[in-house]
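> give the three-dimensional model of this entry:
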Amino acid sequence: MNIQFFGAAERVTGSKHLVTTVEGERILLDCGLFQGEGREGDELNRHFGFNPMDIDCVVLSHAHIDHTGLLPRLVRDGFRGPIYCNESTKDLCGLMLMDSAKIQESDLKRINLRRHKRGEPALEALYNESDVHNTLQLFQVVRNNQWFAVGKNTRCYFSPNAHILGSVAITLTFLENDLPITLTYTGDIGRPGDQILAGPEAFPQSDYIICESTYGDRLHPEAEDAEKKLLQIVHETCTERGGKIIIPAFSIDRTQEIIFMLDKLAHERKLPNLKVYVDSPLSVNATAIMGRHRDEFNAEILEYITRDGNPFDFPNLHYVSKVEDSKKINETTGPAIIISASGMAEAGRIKHHIANNIQDFRNTILLVGYATPDSLAGRLRDGVDPVRIFGEEYRVSAKIETMPYFSAHADYKEMLDYLSCQMKKKVKEIFLVHGDEAALGAWKSRLLQHGFDNVSIAEMEQTVQIGRTND
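You can find the predicted model right below:
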C-alpha cells in the first residue's frame, strides 16, 4: 500500500493525502484549498494530480478551508463517494464551503475585470453554490472515539485534537496478509490550553504517522499574558489615539476566543466603552454553531457559562451579517474593534476594513493567527510597505501588532507532548507535512532527538510505500 502527498507538502495549505490500500481502495485524507500562493496556488487548485473519479471515499480531519475547500471541485470533477466526518465538522463545512463559493464569485468579478483590461481571458470559478449543495449530500456523519468501516478491510477512528470545533486526528487500520497496519494522520494539532475547547486526546498506537509541522520551530508565549496584551493594545489604540483595531481572524475558534476574552474583560469592567463589531456572516453563524456543541467545551468555559451566561455576548458587541451594515462600519467615527474573516486577510470583508484603515496612524491591525508569507496578513506581519490590496498599493501607516497567544496550532513542545501517547520504537516512520522549510527542518530534528527513529519530510506528489511488505 502507499501514501501520495498532493498538498501541504513542503507548504502549509492545500492538505490532501491519498492512501491506496492493498485492495486498491483509494482513501483521500482531507481535500484542502491552496491559499495565499498566487498563480501557483490557483494552478494547483485546478489540477488535483489524480482522477477524482478514482477516489473511493474522503475522510476529513476538520472544517478549515485549507483542509476541505476543494471538496466541491472534487465533486464537480466526478467524485461520488462518501465524505466521512463528525457532526461538528459537517455543520461548519455547510457554512464554510458555501462562503468559499460566494467569495470566489465576488473576487472573480474584480479579477476578471482587470484581466479584461489587460486583454487576458476570464477565469472560471473553481466551483459554485450548486457544487457545494451536491457535495453536502455526500457527507456521512460518524462519531468520535468509535471505529467505523471505510473499506473492505479498513477501519477508521476519530480522536479529538482541539484545533477547532470538531477537529480530529484520523487513524486508519488496514489488514495486510491478515495482520493489522495502523496509520494516523494528526490533522492540525490543537493546544491543551485552548480557551474554549477541551484539550487534545491520545490517539491509538500507530505504525506510521502523518504529522503536521506548522510551529515545529517555535514556542508560543504564555497564555496568561494574552488578556493583559489585548487590554494594552485596546488602551493604546482606542483610548490614547482614538483609533480602531482591525483584527483578521479565522471564523472558527479564533474569533470566538477573542470574543470570549473581550466578554471577560467587559464583565470585569476593564473594557472601555467602545463598539465591537464581528463583521462576517460566517463568523456569526459559526459562533451559533459553537454554542450548540458545548460538549466539546473545556471545564473552565462551562463554569464561566454557569456564572455569566452566554460567553459570546456583551454590551456594545454587534454581530454584522448584511453587506449594507458592513459598509456602515466604515462610516463610523471614534474608537472601535472590528473582527472579520479571513485570518490570513486573503478574502472577505476584512480586506475592505484593512484598506479603509491601514493609512491612518491612529489605527492598529492586530494579527492573531498563522499567515503564509505571501498572504496579506503575512506581508503586513513581515513589514512589507506599501502593500497591494484589490490591485492598488496602500501605505502602511497603521501600527501592526501580533498576538500569537491565539494560535490554534500546538508549538513544538505541545506537539511532543501530544505524541507522547506513542511507544516510539513501534512507530516505523513519521512523515512531516503542513509546514514551511524552517518549521519542517526544526521539527524533524527534534523528533529524532526525542527518540523517533525514522522521520521524513514529505515532498509534493511524492509516493511512499508503507506496510509489512516494505519492512
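> max-length helix in this protein?
Assignment by DSSP state H gives helix 87-117 as the longest helix of the chain.
> now for the helix or strand that that helix is followed by, which elements pack on it?
Once helix 87-117 ends, the next helix or strand along the chain (criterion: DSSP states H and E) is helix 129-136. Secondary-structure packing of helix 129-136 (3 or more Cβ pairs under 8 Å, 6 or more residues apart in numbering; DSSP states H and E): helix 71-76, helix 87-117. Every C-beta, even on glycine, is put in place using the N, C-alpha and C of the backbone.
> looking at the ones you listed, which is buried most?
Of all those, helix 71-76 carries the top mean neighbour count, a mean of 24, counting by mean count of other Cβ atoms under 10 Å.
> what's that one in contact with?
Helix 71-76 has contacts (Cβ atoms under 8 Å, 6 or more residues apart in numbering) with 28, 31, 45-46, 48, 52, 55, 58, 83, 93, 97, 100-101, 126-128, 131-132, 134-135, 138.
> likewise stretch 60-70?
Contacts for stretch 60-70 (Cβ under 8 Å, 6+ apart): 8, 12-16, 29-35, 45, 48, 83-85, 88-89, 92-93, 96-97, 100, 126, 163-170, 185, 187-188, 250, 252.
> pull the distance from stretch 391-409 to the chain's centre.
Here stretch 391-409 is found 17 Å from its chain centre; the criterion is Cα atoms, centre = their mean, to the nearest Å.
> nope, stretch 143-157 is what I meant
Mean-position distance between stretch 143-157 and its chain equals 24 Å (Cα atoms, centre = their mean).
> show me which positions of that stretch end up buried.
Using 16 or more other Cβ atoms under 10 Å as the test for burial, stretch 143-157 gives 144, 150-151, 154-157.
> one step back: per-stretch mean pLDDT over the helices and strands packed on helix 129-136, give me the minimum one.
Ranked on mean pLDDT, the bottom entry among the helices and strands packed on helix 129-136 is helix 87-117, at a mean of 89.
> how distant is it from the center of its chain?
Here helix 87-117 is found 16 Å from its chain centre; the criterion is Cα atoms, centre = their mean.
> same deal with stretch 376-392?
Remark: stretch 376-392 is offset 21 Å from the chain centroid, using Cα atoms, centre = their mean.
> going forward, begin numbering at 628 instead of 1
Sure thing, new numbering starts at 628, so read that last one as stretch 1003-1019.
> what is the end-to-end distance of that stretch?
Its start and end residues considered, stretch 1003-1019 measures 13 Å (Cα to Cα, to the nearest Å).
> give me the mean pLDDT for that stretch.
Mean predicted lDDT for stretch 1003-1019 stands at 94.
> how about the helices of the stretch 728-877 of the chain, start to end?
For the stretch 728-877 of the chain, the helices defined by DSSP state H, counting those that start in this stretch occupy 756-763, 853-861.
> hey, least reliable of the ones you listed by pLDDT?
helix 853-861 (a mean of 92).
> that one packs against which elements?
helix 881-894.
> returning to what we had before: could you dump the buried residues of stretch 770-784 to JSON lines with distance to Asp1038?
Below are those laid out as JSON lines (distance: Cβ to Cβ, whole Å):
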{"residue": "Asn771", "distance to Asp1038": "24"}
{"residue": "Val777", "distance to Asp1038": "32"}
{"residue": "Gly778", "distance to Asp1038": "35"}
{"residue": "Thr781", "distance to Asp1038": "33"}
{"residue": "Arg782", "distance to Asp1038": "32"}
{"residue": "Cys783", "distance to Asp1038": "28"}
{"residue": "Tyr784", "distance to Asp1038": "26"}
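> sorry, back to before: is it possible to get TSV of the helices and strands packed on helix 756-763 that adds distance to Gly975?
Shown next, in TSV, are the helices and strands packed on helix 756-763 (distance: least, Cβ to Cβ, whole Å):
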stretch	distance to Gly975
helix 698-703	18
helix 714-744	6
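> ok, which of those comes nearest Gly843?
Across these, Gly843 has its closest neighbour in helix 714-744 (24.9 Å, Cβ to Cβ).
> residue contacts, Leu1074?
By Cβ under 8 Å, 6+ apart, the contact set of Leu1074 is 1043, 1046, 1057, 1082.
> closest one to Gln832 out of those, please.
Among these, Leu1046 lies closest to Gln832 (Cβ to Cβ), at 11.4 Å.
> what's the pLDDT at that closest one?
As predicted, Leu1046 sits at a pLDDT of 98.
> my read: Met725 touches Val759, true?
Yes: with contact defined as Cβ atoms under 8 Å, Met725 reaches Val759; the gap is 5.1 Å.
> can you pull up the most central residue in this structure?
With distances taken as Cα atoms, centre = their mean, His691 lies nearest the centre of the chain, 4.1 Å away.
> in the stretch 778-927 of the chain, which spans are strands?
Assigned by DSSP state E, counting those that start in this stretch, the strands in the stretch 778-927 of the chain fall at 781-787, 795-803, 806-812, 835-839, 871-875, 902-906.
> the ones you listed: which one's closest to His980?
Smallest distance to His980 across the strands of the stretch 778-927 of the chain (Cβ to Cβ): 5.1 Å, for strand 871-875.
> partners of the closest one in the sheet?
Strand 871-875 sits in its sheet next to strand 963-967 (parallel), strand 991-994 (parallel), going by DSSP bridges.
> contacts for it, please.
Applying Cβ under 8 Å, 6+ apart, the set of residues contacting strand 871-875 from outside is 860-861, 864-865, 885, 962-972, 977, 980-981, 984, 987, 989-996, 1003-1004, 1025.
> can you check stretch 934-944 too?
Contacts of stretch 934-944 (Cβ under 8 Å, 6+ apart): 883, 886-887, 889-890, 893-894, 898, 900-903, 905, 914, 917-918, 928, 931-932.
> now do the buried residues in stretch 1078-1090.
Under the neighbour-count criterion of 16+ other Cβ under 10 Å, stretch 1078-1090 has 1079, 1082, 1084-1085, 1089 buried.
> first to last residue in that stretch, what's the distance?
With Cα to Cα as the measure, stretch 1078-1090 spans 25 Å from end to end.
> same thing with stretch 873-886?
With Cα to Cα as the measure, stretch 873-886 spans 14 Å from end to end.
> what's the most buried one of the strands of the stretch 778-927 of the chain?
For these, the highest mean count by mean count of other Cβ under 10 Å goes to strand 871-875, at a mean of 27.
> buried among the contacts of stretch 934-944? Make that a ChimeraX selection.
Buried subset of those, written as a ChimeraX selection, criterion 16+ other Cβ under 10 Å:
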select :883,886,887,889,890,893,894,898,901,902,903,905,914,917,928,931
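> quick one on the thing from earlier: quick one: closest of the strands paired with strand 871-875 to Lys855.
Nearest to Lys855 among the strands paired with strand 871-875 is strand 991-994; the distance by Cβ to Cβ comes to 14.4 Å.
> residues in contact with that closest one?
For strand 991-994, contacts defined as Cβ under 8 Å, 6+ apart pick out 860, 863-864, 870-875, 981, 984-985, 1004, 1007-1008, 1025-1030.
> next secondary structure after that strand?
helix 1003-1008.
> can you name the residues that contact Val1082?
When contacts are counted by Cβ under 8 Å, 6+ apart, Val1082 touches 1056-1057, 1059, 1071, 1074-1075.
> how far away is it from Lys1055?
Using Cβ to Cβ, to the nearest Å, Val1082 is found at 11 Å from Lys1055.
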